[in-house]
Structure formats: structure tokens, C-alpha cells
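Student: need coordinates for the below:
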Amino acid sequence: MKHFCSCVFVFFLSHLAVAQNKPDTLFFEDFNNTSLNRAKWNVEVTGNTVNNEQQAYVDSTSVLTQKDGELEIKPVYHPGYTSNKQRKYDFLSGRINTRSKFEFTYGTASARIKMSGGAGLWPAFWALGEGKWPDCGEIDMMETVGDSSWVSHAMHGPGYFGNTPIAYRFHFPPGVDVTQWHIYSVDWTADHMIFSVDGKVTYTVTRAMVEHYGRWAYDNPKYIILNFALGGGYPFGVNKVTTPYYGLSQSSVDKIKQGKALMQVDWVLVTKN
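Tutor: Below is the predicted model of the structure:
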């Protein structure tokens, strides 16, 4: 078991206890198998990308592995890769989702994750509804674009998407960053979203706050997504990097080539409110 502060340790144990309480648990994945459980997860394969991201998603153990009870997403440098839409990429990475296998409306979704820092490295833990974006509603429980001192929470829907006003950056206290294990959560009800890091509430969004900008798009089922993007619009908006890749710095490219850019997921849990 990894070492971290006692308060987080207690929170972690409470989540595992909940996971064993069958009436309250909607979904639990501890990644303890030797390979991804395809009964729970879909692996996405890129045709076209969005947001000017620099990676293609592939179904390969070169980027998606399970070992020591953890899911590991590790982007790799693969210059000249051509997708099935005949688009070329220099990087491969992984993205998995529970679409059509597990979807939920309301509940608390949590994951224990640690990630590498580096400008333009863009791992995320989020949820998406079926149908056209952004009308389907998107919940971003955790995103980081390389500045290891903070993570962001956000919601995207009709009238509030892209550079959405419904977003918040949570800055870690001194000596703490994304490269350490943390539990990222959202408590979702018909009237609010409460985002938390390690059991501490970091951002609260009410239905009234959202409806100031557009329709509340969170009364429909959502599925879970874990992915590791590289570069693109959101990282560029933060780091302003244009070379060697849009939104992705040379130091991060070097980290990818060295196999040191990682997203590790210990478990994912969804419970009833």
C-alpha cells in the first residue's frame, strides 16, 4: 500500500469499505487483473482528434497496461503513425470508457490517481452523456495540463463550454502536487455538483449557477472516461507553447521519449448518494 497522510489514508479506507457495501456500490474497478476488464471498459481508437491534440488513441499494451493493481496509461513517441482517417500523429496514448457498459445518473464518482507533471501532459478523469456535445453534458472531475501544482474541475453544457465559466483550479498546498496519489471525486445530485480532492471540498456548483448560462445537462446517464491527451487547446491556453508541438513542450516530449510520462489509476468507484 502506498504511503500518504493519515487523513487521506482514512478516507481511502472508507472508500474501500463502501466498495464492499454492495447496496451502495454502483461500480468498482481495482485493476487487479493482469489485463483490462473488457466487460467494464471500452478502449477508444482514434480516427480524428479534437482540441488540436497531438496524440492518437490506440488499443495496445504499449500505452495501456495493468500491473501491481494499477492501470497505467503511458504515451509513447511514434512518429508518422497514420490513423484510420489517414491523419498522421507522432504520439500514441490511451483512452478508456464505460459507455454502454456502465452509465449512471447521480452518485459519487471517485478515483485514486497520480500523474506526471510537464507542460502539455493532459491526463483526465471525467464523465460524459450520450448524444451531441455539449448538449449531452460533461463533468470533469479532474484535469491537469502539466502544471503539477494544480488540477481543474469543470462542467460543459449548452451555453457554457470550451473556456467554460463553470470551472475551478484547485491549488495544492506547498509540498503537494499531482505526482503524488490523490483521490478525486464529484458528488452529483439533481441540484448540485460538489468536487473534492482527498475528501476536502474544493468546488461546489449549483443548478442555479449553471442555469445562469444555459440548460442543466445533468439529469441523464453519464459514462466514465480515463485518458491521457497530449498538447492541444487547453494546454496551449495555459502554457502558450507552439513548438515543437502545439501545447506540448520539448521537455515533455523528452519525458515521453524516456517513458516517464505516466497516468496511474489505483481504483475507480461510483456509489449512490
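Student: just give me the neighbour total for N52.
Tutor: 14 (other Cβ atoms under 10 Å). For glycine as for every other residue, the C-beta is placed from the backbone atoms N, C-alpha and C.
Student: same deal with the one 3 residues further on?
Tutor: The burial metric for Q55, expressed as a neighbour count using other Cβ under 10 Å, is 29.
Student: surely S251 is in a helix?
Tutor: Yes: judged by DSSP: H, G, I helix; E, B strand; the rest coil, S251 forms part of a helix.
Student: just give me the neighbour total for it.
Tutor: Count around S251 with other Cβ under 10 Å applied: 12.
Student: quick one: residues contacting T46.
Tutor: By Cβ atoms under 8 Å, 6 or more residues apart in numbering, the residues touching T46 are 55-58, 83, 89.
Student: any idea how far it lies from L226?
Tutor: Distance, T46 to L226, using Cβ to Cβ, to the nearest Å: 16 Å.
Student: swap in W150?
Tutor: Taking Cβ to Cβ as the measure, W150 falls 19 Å from L226.
Student: now swap in A217 and tell me
Tutor: Using Cβ to Cβ, A217 is found at 21 Å from L226.
Student: same deal with S60?
Tutor: Applying Cβ to Cβ, the value for S60 to L226 is 16 Å.
Student: for these two, indicate the residue with more neighbours.
Tutor: A count of neighbours by other Cβ under 10 Å puts L226 above the other of S60 and L226, at 24 against 15.
Student: the more buried one against A124, yeah?
Tutor: Yes: counting by Cβ atoms under 8 Å, L226 touches A124, with 7.5 Å between them.
Student: need the residues touching each of these two.
Tutor: Common neighbours of L226 and A124, using Cβ under 8 Å, 6+ apart, do not exist here.
Student: of the contacts of T46 - the most surrounded one?
Tutor: Among the contacts of T46, Q55 has the most neighbours (other Cβ under 10 Å), with 29 neighbours.
Student: ok, that one - contacts?
Tutor: Taking Cβ under 8 Å, 6+ apart, one finds 46, 49, 75, 89, 91-93, 228-231 in contact with Q55.
Student: in TSV, list those residues along with distance to E29.
Tutor: What follows is the contacts of Q55, written out as TSV (distance: Cβ to Cβ, whole Å):
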residue	distance to E29
T46	23
T49	26
P75	21
Y89	28
F91	26
L92	23
S93	20
F228	17
A229	21
L230	24
G231	28
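Student: what about the strands in the stretch 151-273 of the chain?
Tutor: For the stretch 151-273 of the chain, applying DSSP state E, counting those that start in this stretch gives strands covering 167-171, 182-188, 192-197, 200-206, 222-230, 263-271.
Student: what helices or strands is the fifth one leaning on?
Tutor: Okay, so that is strand 222-230. Counting contacts by 3 or more Cβ pairs under 8 Å, 6 or more residues apart in numbering; DSSP states H and E, strand 222-230 packs against strand 55-57, strand 70-73, strand 88-93, strand 95-97, strand 121-129, strand 263-271.
Student: possible to save those as TSV with mean pLDDT and distance to N33?
Tutor: Formatted as TSV, the helices and strands packed on strand 222-230 follow (pLDDT from 0 to 100; distance: least, Cβ to Cβ, whole Å):
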stretch	mean pLDDT	distance to N33
strand 55-57	97	21
strand 70-73	98	10
strand 88-93	97	21
strand 95-97	98	14
strand 121-129	98	20
strand 263-271	97	13
